[in-house]
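**Student:** give the three-dimensional model of this entry:
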Amino acid sequence: MKGTRILIAIVIAVAAGLTAATFVYRQMQQAKAAPTPVMSQVVLAAARIPLGTRLEASHLRTVPWPGSAPVPGMFSNPADCLGRALMTPVVENEPILENKLAPLNGGSGLPAVIPEGMRAVSVAVNDVVAVAGFVAPGTMVDVLATGAVEGGAGRQSITRTILENVPVLAAGQRVEQDKDGKPQTVPVITLLVSPEDANKLTMASTEGRIQLALRNTIDSKMENPPLVLRSSLFTPPAAPRVAGPMRPAAPKQAPAFVVEVIRGTKRESSVF
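**Tutor:** Below you'll find the predicted structure:
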């Protein structure tokens, strides 16, 4: 009886072993049959590269990338990127994409980051106009203009917002923000505007005074606030009229009655 039990245990163990061996064999066969993924190359930044830099071979490197999952606009050959300037800063190991590069003949530095149809206009600023130095490259601002106009009440000053949500391209000669976010005291701020807005900005800074209002970069709503007249701020409000003592109302007179009396040829009228 004991020998029979041992024999049964041996048979079960052999069967389990055969089953496991068969499963492993099949998995290995399937793995061999699976196609090897096709790999390509993707061009990355070898180190941090500032905005406006014209790319050279030393700026770039390549790594293997699955050919079945390409990134739109990616490059596989560094030679296709050489000589083109970055329109945005990139960090180490960031893929170099087509939409981050200026056209081949677009130059380098600040001109390379100006989109077609737009203009870069510089305006003189101080600590007050530039919001204590916090107007830095990459921030967004509104432009307020103050000047004098002729009106029915004579010449008076007005302030109005002439431009909203304008990108700042450069502060002084810097085209990137301080990495620690520290304010920068500069004499000139360069803004990215349309040709029409370039005319407005030049007129306002030449004929009047401008003030930059710093915006949150995610706040792109156009407010179009109403202009402010100097008289609306500095003209004192009219004094309220003080009511005098009440005068007693005159007594109402009873309506008059006219009675006409005729005596022979005489006619008389009496008022009651």
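
**Student:** from here on, just use CA atoms for contacts and neighbour counts.
**Tutor:** Will do.

**Student:** tell me how this protein divides into domains.
**Tutor:** Per automatic domain parsing, the structural domains of the chain span 39-112, 115-234.

**Student:** ramachandran angles for residue 72?
**Tutor:** Per-residue torsions, residue 72: phi -50, psi 130 (degrees, to the nearest 10).

**Student:** all strands for the stretch 51-200 of the chain, in order.
**Tutor:** For the stretch 51-200 of the chain, the strands defined by DSSP state E, counting those that start in this stretch occupy 60-66, 119-124, 140-151, 154-171, 188-193.

**Student:** list the contacts of the third one.
**Tutor:** By C-alpha atoms under 8 Å, 6 or more residues apart in numbering, the list of residues contacting strand 140-151 from outside reads 135, 155-168, 204-205, 207-217.

**Student:** got the CA positions of that strand in PDB?
**Tutor:** Provided in PDB are the C-alpha atoms of strand 140-151 (Å, rounded to 0.1, in the frame of the first residue of the first chain):
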ATOM      1  CA  MET A 140       3.300  89.200 -20.800                       C
ATOM      2  CA  VAL A 141       2.300  92.900 -20.300                       C
ATOM      3  CA  ASP A 142      -0.300  95.500 -21.100                       C
ATOM      4  CA  VAL A 143       0.800  98.900 -22.300                       C
ATOM      5  CA  LEU A 144      -0.900 102.000 -20.800                       C
ATOM      6  CA  ALA A 145      -0.400 105.400 -22.500                       C
ATOM      7  CA  THR A 146      -0.900 108.800 -20.900                       C
ATOM      8  CA  GLY A 147      -1.100 112.000 -23.000                       C
ATOM      9  CA  ALA A 148      -3.000 115.200 -23.400                       C
ATOM     10  CA  VAL A 149      -6.000 115.700 -25.700                       C
ATOM     11  CA  GLU A 150      -8.100 118.700 -26.700                       C
ATOM     12  CA  GLY A 151     -11.800 118.600 -25.700                       C
END
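
**Student:** please give the element, helix or strand, for the nearest residue to residue 92 once chain neighbours are set aside.
**Tutor:** Spatially, and ignoring its direct neighbours in sequence, residue 92 is nearest to residue 47 (4.1 Å; C-alpha to C-alpha, 6 or more residues apart in numbering). Assessed by DSSP states H and E, residue 47 sits outside every helix and strand.

**Student:** residue contacts, residue 47?
**Tutor:** 59-60, 91-93.

**Student:** pipe these into CSV and attach distance to residue 40 and pLDDT per row.
**Tutor:** Below are those laid out as CSV (distance: C-alpha to C-alpha, whole Å; pLDDT from 0 to 100):
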residue, distance to residue 40, pLDDT
59, 20, 94
60, 16, 94
91, 22, 91
92, 20, 92
93, 16, 92
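
**Student:** can you tell me which of the residues you listed has the most neighbours?
**Tutor:** Using other C-alpha atoms under 10 Å as the neighbour criterion, residue 60 leads the contacts of residue 47 with 22 neighbours.

**Student:** what distance do you get for it to residue 148?
**Tutor:** Per C-alpha to C-alpha, to the nearest Å, residue 60 is found 55 Å from residue 148.

**Student:** same check, this time on residue 71
**Tutor:** 55 Å.

**Student:** likewise for residue 188?
**Tutor:** Separation of residue 188 from residue 148 (C-alpha to C-alpha) stands at 24 Å.

**Student:** got the contact list for stretch 53-69?
**Tutor:** Against stretch 53-69 from outside (C-alpha under 8 Å, 6+ apart): 37-47, 49, 76-79, 81-86, 107-109.

**Student:** ignore what I typed, I meant stretch 110-126.
**Tutor:** Counting by C-alpha under 8 Å, 6+ apart, 51-52, 85-88, 102, 106, 132, 169, 175, 185-195, 198, 205 sit against stretch 110-126.
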